[in-house]
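J.: A structural model of the following input is requested.
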Amino acid sequence: MTHTADKSGNRQTIRILSVLLVLVLIAVLAVAVFGLPALGLLGLAMTAAFFAVMLVFTAGN
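T.: The predicted structure follows:
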């Protein structure tokens, strides 16, 4: 049984990986410019964003 991915699935994968790459670059630049406290603040922001995404998924069920 073979499975070939459709074009929309490939586009979505590329978008997700691009967003992750941008977030990693922002984190690296923030630490390079502001030091390790920026990493802590970025962690807090990502925690809040993850919590918001989880709430959206929960509301959808």
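J.: Number of residues surrounding residue 23?
T.: 13 (other C-beta atoms under 10 Å). Using the backbone N, CA and C atoms, a C-beta is placed for each residue, glycine as well.
J.: what's the answer for the one 5 residues further on, then?
T.: Burial measure for residue 28: 11 neighbouring residues, criterion other C-beta under 10 Å.
J.: Nearest the middle, which residue of the protein would you pick?
T.: residue 20 (4.6 Å; C-alpha atoms, centre = their mean).
J.: Could you report the separation of that one from residue 49?
T.: Going from residue 20 to residue 49 by C-beta to C-beta, to the nearest Å gives 13 Å.
J.: Check residue 37 too.
T.: Distance from residue 37 to residue 49, counting by C-beta to C-beta: 19 Å.
J.: What lies in contact with the strand or helix carrying residue 40?
T.: Per DSSP states H and E: residue 40 is located in helix 36-60. Identification of contacts with helix 36-60 by C-beta atoms under 8 Å, 6 or more residues apart in numbering yields 23, 26, 27, 30, 31.
J.: Please spell out which residues along that helix are buried.
T.: Residues of helix 36-60 classed as buried: 38, 42 (neighbour count, 16 or more other C-beta atoms under 10 Å).
J.: one step back: could the contacts of helix 36-60 be laid out in a markdown table, adding pLDDT, distance to residue 54 and secondary structure?
T.: Converted to a markdown table, those look like this (pLDDT from 0 to 100; distance: C-beta to C-beta, whole Å; DSSP: H, G, I helix; E, B strand; the rest coil):
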| residue | pLDDT | distance to residue 54 | secondary structure |
| --- | --- | --- | --- |
| 23 | 87 | 17 | helix |
| 26 | 88 | 22 | helix |
| 27 | 87 | 21 | helix |
| 30 | 89 | 24 | helix |
| 31 | 90 | 26 | helix |
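J.: buried subset of those?
T.: residue 30.
J.: Can you tell me which of the contacts of helix 36-60 is nearest residue 15?
T.: residue 23 (12.7 Å; C-beta to C-beta).
J.: Excluding chain neighbours, what is closest to that closest one?
T.: In space, and not counting its chain neighbours, residue 23 is closest to residue 46: 7.9 Å by C-beta to C-beta, 6 or more residues apart in numbering.
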